[in-house]
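S.K.: how would this look folded up:
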Amino acid sequence: MPSLEAPIPDLRHRRRRNLVVVLILLLGLLLIAMSAWNAHEEARQRELESQARGAALLARIAGVIESDGIDDFEAEAISQAYFEVAYGGMEGTVEEPKLIDGYWRGVVRLGYAGTPDGEAILVNPRTGSITGPVLGTFKSLGDFRRFLATGGRPTLR
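M.R.: The predicted structure is shown next:
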């Protein structure tokens, strides 16, 4: 006749094993939740930095009034703001814009040496429209300001 006590250690062993499996699964879920939270926080931080950068660039061009025409100082401020958004954290600058063929033309210079890359940022002195190599054309300075106000993301109107 088989002993009734033999299955009891086996039952305890299975319960312990099941408990370990459940704990491992819970730990895995916790790690997944923590990873998702970190990704969310990093995205939120990038969004806040983008908004702060946009606000700083907006402040830089706040004094530009397109209705009286864009002068060389205003064209330079607009070109630099465009460069900073278009090229992000890259080293470089825009040359002081020169009035050529009816547009303020600022040559883009990249790297520490400021090597011209063959591209230019154009600012229309009458309308304030801006055309550049990365972001394309903004039909007015107001469009560019709205773009900056959103942290450099396009908006639907």
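
S.K.: For the rest of this, base every contact and every neighbour count on C-alpha atoms.
M.R.: OK.

S.K.: the strands in this structure, which residues?
M.R.: 92-94, 98-100, 103-110, 115-123, 130-132, 136-138 (DSSP state E).

S.K.: for the longest one, packing partners?
M.R.: What that stands for is strand 115-123. helix 72-87, strand 103-110, strand 130-132 (3 or more C-alpha pairs under 8 Å, 6 or more residues apart in numbering; DSSP states H and E).

S.K.: quick check: angle from that strand to helix 72-87?
M.R.: 120 degrees (axes from the mean of the first three to the mean of the last three C-alpha atoms, to 10 degrees).

S.K.: hmm, back to that, and the helices and strands packed on strand 115-123 as a markdown table, adding distance to Ser35?
M.R.: Formatted as a markdown table, these follow (distance: least, C-alpha to C-alpha, whole Å):
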| stretch | distance to Ser35 |
| --- | --- |
| helix 72-87 | 30 |
| strand 103-110 | 37 |
| strand 130-132 | 38 |
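
S.K.: of all the ones you listed, which lies closest to Lys139?
M.R.: strand 130-132 (6.7 Å; C-alpha to C-alpha).

S.K.: Give me the sheet partners of that closest one and which way each runs.
M.R.: Sheet partners assigned to strand 130-132 using DSSP bridges are listed as strand 115-123 (antiparallel), strand 136-138 (antiparallel).

S.K.: Give me the residues contacting that strand.
M.R.: 82, 119-124, 137-141, 144 (C-alpha atoms under 8 Å, 6 or more residues apart in numbering).

S.K.: By neighbour count, which of those residues wins?
M.R.: Val123 (31 neighbours; other C-alpha atoms under 10 Å).

S.K.: picking that back up, distance to Ala39 and mean pLDDT added to the strands of the chain, as a markdown table?
M.R.: Formatted as a markdown table, the strands of the chain follow (distance: least, C-alpha to C-alpha, whole Å; pLDDT from 0 to 100):
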| stretch | distance to Ala39 | mean pLDDT |
| --- | --- | --- |
| strand 92-94 | 30 | 88 |
| strand 98-100 | 44 | 95 |
| strand 103-110 | 32 | 94 |
| strand 115-123 | 35 | 89 |
| strand 130-132 | 33 | 93 |
| strand 136-138 | 31 | 91 |
